[in-house]
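> A structural model of the following input is requested.
(4 chains)
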Number of protein chains: 2
Amino acid sequence: MISATLNSEAFAQKLAHSGLRNTPQREVVYSALLTRRDHPTADEVHARVRAELPTISLATVYNCLETLVQCHLVRAVNFERGPTRYCPNLQPHAHFHDEATGATFDIDLPSDLLAKIKSVLPDGYDADAVEITFRGKTTATR
Amino acid sequence: MISATLNSEAFAQKLAHSGLRNTPQREVVYSALLTRRDHPTADEVHARVRAELPTISLATVYNCLETLVQCHLVRAVNFERGPTRYCPNLQPHAHFHDEATGATFDIDLPSDLLAKIKSVLPDGYDADAVEITFRGKTTATR
DNA sequence: GTAGGAATTAGAACTATTCTAAACTGGCTG
DNA sequence: CAGCCAGTTTAGAATAGTTCTAATTCCTAC
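Okay, here's the model as predicted:
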(Lines give C-alpha, C1' and ligand atoms only; values in the text may rest on other atoms or scores of the structure.)
Protein backbone atom coordinates (compact mmCIF):
# COMPACT_ATOMS: atom_id res chain seq x y z
CA MET A 1 0.00 0.00 0.00
CA ILE A 2 1.22 3.42 -0.87
CA SER A 3 -0.03 5.88 1.69
CA ALA A 4 -2.90 7.39 3.51
CA THR A 5 -3.05 10.13 0.92
CA LEU A 6 -2.83 8.22 -2.34
CA ASN A 7 -3.73 4.59 -2.87
CA SER A 8 -2.33 2.23 -5.41
CA GLU A 9 -5.14 2.73 -7.92
CA ALA A 10 -4.92 6.50 -7.82
CA PHE A 11 -1.19 6.17 -8.24
CA ALA A 12 -1.62 3.89 -11.26
CA GLN A 13 -4.10 6.38 -12.69
CA LYS A 14 -1.68 9.25 -12.45
CA LEU A 15 0.91 7.18 -14.28
CA ALA A 16 -1.57 5.97 -16.89
CA HIS A 17 -2.49 9.56 -17.54
CA SER A 18 1.04 10.03 -18.90
CA GLY A 19 0.91 6.74 -20.81
CA LEU A 20 3.00 4.93 -18.21
CA ARG A 21 2.48 1.66 -16.38
CA ASN A 22 2.43 1.00 -12.74
CA THR A 23 5.20 -1.31 -11.53
CA PRO A 24 6.27 -2.62 -8.13
CA GLN A 25 9.46 -0.58 -8.41
CA ARG A 26 7.60 2.67 -9.01
CA GLU A 27 5.21 2.02 -6.15
CA VAL A 28 7.95 1.19 -3.71
CA VAL A 29 10.07 4.18 -4.71
CA TYR A 30 7.12 6.50 -4.31
CA SER A 31 6.13 5.02 -1.01
CA ALA A 32 9.71 5.39 0.27
CA LEU A 33 9.34 9.12 -0.31
CA LEU A 34 6.02 9.30 1.44
CA THR A 35 6.86 7.35 4.55
CA ARG A 36 9.79 9.56 5.49
CA ARG A 37 9.43 13.00 4.02
CA ASP A 38 13.00 13.99 4.57
CA HIS A 39 14.09 14.85 1.01
CA PRO A 40 16.33 11.84 0.40
CA THR A 41 18.84 11.55 -2.43
CA ALA A 42 18.54 8.85 -5.08
CA ASP A 43 21.16 6.83 -3.21
CA GLU A 44 19.22 7.09 0.03
CA VAL A 45 16.01 6.07 -1.71
CA HIS A 46 17.89 3.13 -3.21
CA ALA A 47 19.07 2.02 0.21
CA ARG A 48 15.57 2.22 1.69
CA VAL A 49 13.83 0.56 -1.19
CA ARG A 50 16.15 -2.41 -1.10
CA ALA A 51 14.52 -3.50 2.14
CA GLU A 52 11.45 -4.32 0.08
CA LEU A 53 12.94 -5.09 -3.34
CA PRO A 54 16.47 -6.30 -2.65
CA THR A 55 17.46 -6.57 -6.30
CA ILE A 56 16.35 -3.14 -7.47
CA SER A 57 19.16 -1.29 -9.20
CA LEU A 58 20.23 2.29 -8.69
CA ALA A 59 19.51 2.99 -12.35
CA THR A 60 15.92 1.91 -11.79
CA VAL A 61 15.63 4.16 -8.79
CA TYR A 62 16.81 7.05 -10.96
CA ASN A 63 14.35 6.01 -13.68
CA CYS A 64 11.45 5.77 -11.26
CA LEU A 65 12.21 9.10 -9.63
CA GLU A 66 12.46 10.74 -13.04
CA THR A 67 9.14 9.17 -14.01
CA LEU A 68 7.47 10.42 -10.84
CA VAL A 69 8.80 13.91 -11.44
CA GLN A 70 7.48 13.85 -15.00
CA CYS A 71 3.96 12.94 -13.98
CA HIS A 72 4.04 15.50 -11.19
CA LEU A 73 3.90 13.15 -8.24
CA VAL A 74 7.24 14.32 -6.89
CA ARG A 75 9.45 17.40 -7.04
CA ALA A 76 13.21 17.34 -7.58
CA VAL A 77 15.13 19.77 -5.38
CA ASN A 78 18.73 20.94 -5.75
CA PHE A 79 21.01 22.73 -3.33
CA GLU A 80 24.14 24.09 -4.83
CA ARG A 81 25.99 21.21 -6.45
CA GLY A 82 24.78 18.58 -4.03
CA PRO A 83 22.96 15.48 -5.17
CA THR A 84 19.35 15.96 -6.24
CA ARG A 85 16.81 15.41 -3.48
CA TYR A 86 13.22 14.34 -3.90
CA CYS A 87 10.13 15.71 -2.27
CA PRO A 88 6.55 14.40 -2.47
CA ASN A 89 5.07 17.66 -1.20
CA LEU A 90 3.27 19.19 -4.17
CA GLN A 91 1.98 22.29 -2.42
CA PRO A 92 3.92 25.39 -3.43
CA HIS A 93 6.56 25.78 -0.75
CA ALA A 94 10.09 26.97 -0.14
CA HIS A 95 12.98 24.94 1.23
CA PHE A 96 15.25 25.63 4.14
CA HIS A 97 18.62 23.97 3.96
CA ASP A 98 20.51 23.63 7.23
CA GLU A 99 24.15 24.08 6.34
CA ALA A 100 25.40 22.40 9.49
CA THR A 101 23.42 19.16 9.28
CA GLY A 102 22.42 19.09 5.61
CA ALA A 103 18.81 18.63 6.64
CA THR A 104 16.06 20.10 4.51
CA PHE A 105 12.76 21.52 5.68
CA ASP A 106 9.64 22.56 3.82
CA ILE A 107 8.52 26.11 4.47
CA ASP A 108 4.93 27.03 3.68
CA LEU A 109 4.46 29.96 1.38
CA PRO A 110 1.32 32.07 1.66
CA SER A 111 -0.16 32.26 -1.83
CA ASP A 112 -0.40 36.04 -1.79
CA LEU A 113 3.34 36.23 -1.19
CA LEU A 114 3.98 33.87 -4.05
CA ALA A 115 1.87 36.11 -6.28
CA LYS A 116 3.81 39.15 -5.11
CA ILE A 117 7.09 37.44 -5.89
CA LYS A 118 5.98 36.53 -9.37
CA SER A 119 4.90 40.11 -9.96
CA VAL A 120 8.48 41.41 -9.73
CA LEU A 121 9.15 39.96 -13.17
CA PRO A 122 9.29 42.68 -15.84
CA ASP A 123 7.33 42.34 -19.07
CA GLY A 124 8.66 39.69 -21.38
CA TYR A 125 9.57 37.23 -18.64
CA ASP A 126 7.14 34.34 -18.45
CA ALA A 127 7.83 32.09 -15.46
CA ASP A 128 6.63 28.50 -15.25
CA ALA A 129 8.04 27.99 -11.80
CA VAL A 130 9.81 29.80 -9.01
CA GLU A 131 12.13 28.19 -6.54
CA ILE A 132 12.89 29.71 -3.18
CA THR A 133 15.66 28.32 -1.04
CA PHE A 134 16.91 29.52 2.32
CA ARG A 135 20.31 28.57 3.61
CA GLY A 136 21.26 28.91 7.24
CA LYS A 137 21.03 27.18 10.57
CA THR A 138 18.20 25.92 12.68
CA THR A 139 18.09 26.49 16.42
CA ALA A 140 16.60 24.58 19.33
CA THR A 141 13.43 26.66 19.67
CA ARG A 142 12.20 25.44 16.32
CA MET B 1 42.65 47.16 -15.45
CA ILE B 2 39.65 45.60 -13.83
CA SER B 3 36.61 47.73 -14.38
CA ALA B 4 34.96 51.06 -14.09
CA THR B 5 33.45 49.95 -10.79
CA LEU B 6 36.43 48.43 -8.99
CA ASN B 7 40.06 49.19 -9.65
CA SER B 8 43.00 46.93 -9.16
CA GLU B 9 43.91 48.33 -5.74
CA ALA B 10 40.41 48.02 -4.37
CA PHE B 11 40.35 44.49 -5.70
CA ALA B 12 43.67 43.68 -4.02
CA GLN B 13 42.31 45.19 -0.80
CA LYS B 14 39.27 42.96 -0.82
CA LEU B 15 41.51 39.95 -1.25
CA ALA B 16 43.97 41.11 1.39
CA HIS B 17 41.08 41.48 3.77
CA SER B 18 40.67 37.70 3.62
CA GLY B 19 44.43 37.15 3.88
CA LEU B 20 44.76 36.44 0.17
CA ARG B 21 47.12 37.81 -2.46
CA ASN B 22 46.31 39.49 -5.67
CA THR B 23 47.54 37.64 -8.75
CA PRO B 24 47.24 38.21 -12.49
CA GLN B 25 45.05 35.13 -12.75
CA ARG B 26 42.60 36.39 -10.14
CA GLU B 27 42.42 39.81 -11.75
CA VAL B 28 41.82 38.45 -15.20
CA VAL B 29 39.20 35.97 -14.03
CA TYR B 30 37.36 38.69 -12.18
CA SER B 31 37.54 41.07 -15.07
CA ALA B 32 36.20 38.39 -17.42
CA LEU B 33 33.09 38.29 -15.25
CA LEU B 34 32.71 42.04 -15.24
CA THR B 35 33.14 42.72 -18.92
CA ARG B 36 30.34 40.39 -19.95
CA ARG B 37 27.84 39.92 -17.19
CA ASP B 38 26.23 36.89 -18.69
CA HIS B 39 26.69 34.33 -15.90
CA PRO B 40 29.33 32.19 -17.58
CA THR B 41 30.36 28.72 -16.43
CA ALA B 42 33.90 27.96 -15.28
CA ASP B 43 34.62 26.51 -18.71
CA GLU B 44 33.41 29.65 -20.43
CA VAL B 45 35.48 31.83 -18.13
CA HIS B 46 38.47 29.63 -18.90
CA ALA B 47 37.98 30.11 -22.63
CA ARG B 48 37.71 33.89 -22.30
CA VAL B 49 40.59 34.28 -19.94
CA ARG B 50 42.92 32.37 -22.19
CA ALA B 51 42.87 35.29 -24.60
CA GLU B 52 44.87 37.20 -22.00
CA LEU B 53 46.70 34.41 -20.16
CA PRO B 54 47.03 31.59 -22.67
CA THR B 55 48.57 29.14 -20.22
CA ILE B 56 46.05 29.46 -17.40
CA SER B 57 44.65 26.10 -16.39
CA LEU B 58 41.05 25.17 -15.78
CA ALA B 59 41.97 24.21 -12.22
CA THR B 60 43.23 27.73 -11.63
CA VAL B 61 40.03 29.19 -13.02
CA TYR B 62 38.10 27.04 -10.54
CA ASN B 63 40.45 28.12 -7.75
CA CYS B 64 40.13 31.79 -8.63
CA LEU B 65 36.37 31.67 -8.88
CA GLU B 66 36.17 29.90 -5.55
CA THR B 67 38.45 32.53 -4.04
CA LEU B 68 36.32 35.36 -5.41
CA VAL B 69 33.19 33.74 -4.02
CA GLN B 70 34.83 33.40 -0.61
CA CYS B 71 35.76 37.04 -0.37
CA HIS B 72 32.32 38.06 -1.61
CA LEU B 73 33.32 39.57 -4.91
CA VAL B 74 31.27 37.10 -6.90
CA ARG B 75 28.22 34.90 -6.40
CA ALA B 76 27.95 31.30 -7.55
CA VAL B 77 24.61 30.40 -9.10
CA ASN B 78 23.18 26.96 -9.78
CA PHE B 79 20.26 25.86 -11.90
CA GLU B 80 19.17 22.33 -11.38
CA ARG B 81 22.16 20.09 -12.02
CA GLY B 82 23.73 22.36 -14.61
CA PRO B 83 27.27 23.65 -14.26
CA THR B 84 27.79 26.40 -11.72
CA ARG B 85 27.57 29.91 -13.14
CA TYR B 86 29.21 33.01 -11.76
CA CYS B 87 27.76 36.45 -11.26
CA PRO B 88 29.57 39.64 -10.17
CA ASN B 89 26.31 41.39 -9.24
CA LEU B 90 26.36 41.67 -5.45
CA GLN B 91 23.04 43.46 -5.04
CA PRO B 92 20.36 41.14 -3.69
CA HIS B 93 18.58 39.89 -6.78
CA ALA B 94 16.76 36.90 -8.20
CA HIS B 95 17.63 34.96 -11.33
CA PHE B 96 15.52 34.13 -14.32
CA HIS B 97 16.60 31.11 -16.26
CA ASP B 98 15.32 30.83 -19.81
CA GLU B 99 14.73 27.14 -20.39
CA ALA B 100 14.82 27.45 -24.17
CA THR B 101 18.12 29.29 -24.56
CA GLY B 102 19.80 28.61 -21.22
CA ALA B 103 20.34 32.34 -20.78
CA THR B 104 20.25 33.83 -17.30
CA PHE B 105 18.97 37.24 -16.31
CA ASP B 106 19.23 39.21 -13.09
CA ILE B 107 15.91 40.33 -11.65
CA ASP B 108 15.92 43.19 -9.18
CA LEU B 109 14.25 42.49 -5.87
CA PRO B 110 12.68 45.34 -3.93
CA SER B 111 14.13 45.19 -0.44
CA ASP B 112 10.73 45.25 1.23
CA LEU B 113 9.78 42.13 -0.69
CA LEU B 114 12.98 40.42 0.36
CA ALA B 115 12.16 41.28 3.97
CA LYS B 116 8.66 39.88 3.54
CA ILE B 117 10.05 36.67 2.11
CA LYS B 118 12.44 36.22 4.99
CA SER B 119 9.60 36.78 7.42
CA VAL B 120 7.82 33.59 6.36
CA LEU B 121 10.44 31.60 8.26
CA PRO B 122 9.07 30.22 11.52
CA ASP B 123 10.99 30.65 14.77
CA GLY B 124 14.12 28.59 14.96
CA TYR B 125 15.09 29.04 11.33
CA ASP B 126 17.98 31.45 10.91
CA ALA B 127 18.68 32.20 7.25
CA ASP B 128 22.01 33.53 6.02
CA ALA B 129 20.85 33.74 2.45
CA VAL B 130 17.82 33.24 0.28
CA GLU B 131 17.95 32.26 -3.33
CA ILE B 132 15.10 32.93 -5.72
CA THR B 133 15.08 31.42 -9.16
CA PHE B 134 12.48 31.68 -11.87
CA ARG B 135 12.33 29.21 -14.71
CA GLY B 136 10.43 29.92 -17.89
CA LYS B 137 10.70 31.62 -21.23
CA THR B 138 11.41 35.14 -22.33
CA THR B 139 9.41 36.84 -25.07
CA ALA B 140 10.18 39.52 -27.61
CA THR B 141 8.67 42.43 -25.68
CA ARG B 142 11.30 42.12 -23.02
C1' DG C 1 69.89 35.72 -0.99
C1' DT C 2 67.03 32.35 1.13
C1' DA C 3 63.26 30.18 3.73
C1' DG C 4 58.54 29.36 3.79
C1' DG C 5 54.00 29.87 2.76
C1' DA C 6 50.77 30.88 -1.08
C1' DA C 7 49.39 30.11 -5.75
C1' DT C 8 49.44 27.67 -10.06
C1' DT C 9 49.51 23.71 -12.87
C1' DA C 10 48.65 19.09 -15.30
C1' DG C 11 46.64 15.29 -14.76
C1' DA C 12 44.39 11.78 -11.94
C1' DA C 13 40.44 10.90 -9.26
C1' DC C 14 35.81 11.42 -7.80
C1' DT C 15 30.66 11.90 -7.66
C1' DA C 16 26.31 12.07 -9.36
C1' DT C 17 24.02 10.95 -13.15
C1' DT C 18 22.90 9.20 -17.82
C1' DC C 19 23.53 5.97 -21.44
C1' DT C 20 23.67 1.36 -23.64
C1' DA C 21 22.39 -2.93 -24.74
C1' DA C 22 20.51 -6.99 -23.16
C1' DA C 23 16.97 -9.39 -20.57
C1' DC C 24 12.49 -9.39 -18.69
C1' DT C 25 7.33 -8.45 -18.21
C1' DG C 26 2.77 -8.24 -19.15
C1' DG C 27 -1.07 -7.27 -21.65
C1' DC C 28 -3.26 -7.91 -26.49
C1' DT C 29 -3.84 -10.56 -31.06
C1' DG C 30 -4.74 -14.13 -33.60
C1' DC D 1 -2.97 -20.18 -25.07
C1' DA D 2 1.35 -18.90 -27.95
C1' DG D 3 3.61 -15.18 -29.66
C1' DC D 4 4.54 -10.45 -30.22
C1' DC D 5 5.61 -5.78 -28.99
C1' DA D 6 6.19 -1.96 -26.35
C1' DG D 7 7.42 -0.62 -21.93
C1' DT D 8 10.48 -1.58 -18.05
C1' DT D 9 14.40 -3.13 -15.51
C1' DT D 10 19.13 -4.13 -15.02
C1' DA D 11 24.41 -4.13 -14.76
C1' DG D 12 27.91 -1.94 -16.15
C1' DA D 13 30.18 1.54 -19.07
C1' DA D 14 30.42 6.27 -20.06
C1' DT D 15 30.03 11.16 -19.17
C1' DA D 16 30.25 15.94 -17.15
C1' DG D 17 31.60 18.88 -13.86
C1' DT D 18 34.42 19.48 -10.29
C1' DT D 19 37.95 18.54 -6.76
C1' DC D 20 42.20 16.50 -5.38
C1' DT D 21 47.25 15.54 -5.52
C1' DA D 22 51.76 16.42 -5.87
C1' DA D 23 55.10 18.97 -8.14
C1' DT D 24 56.56 23.48 -9.45
C1' DT D 25 56.69 28.45 -9.35
C1' DC D 26 56.10 32.82 -7.17
C1' DC D 27 56.22 36.27 -3.54
C1' DT D 28 57.35 38.27 0.78
C1' DA D 29 59.79 38.71 4.83
C1' DC D 30 63.70 38.16 7.12
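> Okay, now the unreliable bits of chain A?
Across chain A, the ranges flagged by pLDDT under 70 are A:1-6, A:140-142.
> ok now do the residue most central in space within it, which residues does it touch?
Centroid-nearest residue in chain A, with C-alpha atoms, centre = their mean: A:C87, separated by 1.9 Å. A:C87 is in contact with A:L33, A:R37, A:H39, A:V74, A:R75, A:A76, A:V77, A:H95, A:D106, counting by C-beta atoms under 8 Å, 6 or more residues apart in numbering or on different chains. Where you see a C-beta, it was placed from the backbone N, CA and C, and this is true even at glycine.
> Which of the residues you listed sits closest to chain B?
A:A76 (7.7 Å; C-beta to the nearest C-beta).
> Can you classify that closest one by secondary structure?
At A:A76 the chain is in strand, as set by DSSP: H, G, I helix; E, B strand; the rest coil.
> try A:Y62
A:Y62 ends up helix, using three-state DSSP.
> now the residue nearest to A:N22 when sequence neighbours are not counted: how far from chain B?
Nearest non-adjacent residue to A:N22, counting by C-beta to C-beta, 6 or more residues apart in numbering or on different chains: A:A12, 3.9 Å away. According to C-beta to the nearest C-beta, to the nearest Å, A:A12 stands 28 Å off from chain B.
> Quick check: bridge partners of the residue nearest to the centre of chain A?
Per DSSP bridges, the residues bridged to A:C87 are A:R75.
> Looking at the contacts of A:C87, spot the one nearest DNA strand D.
The shortest approach to DNA strand D among the contacts of A:C87 belongs to A:V74, at 14.3 Å (C-beta to the nearest atom of the strand).
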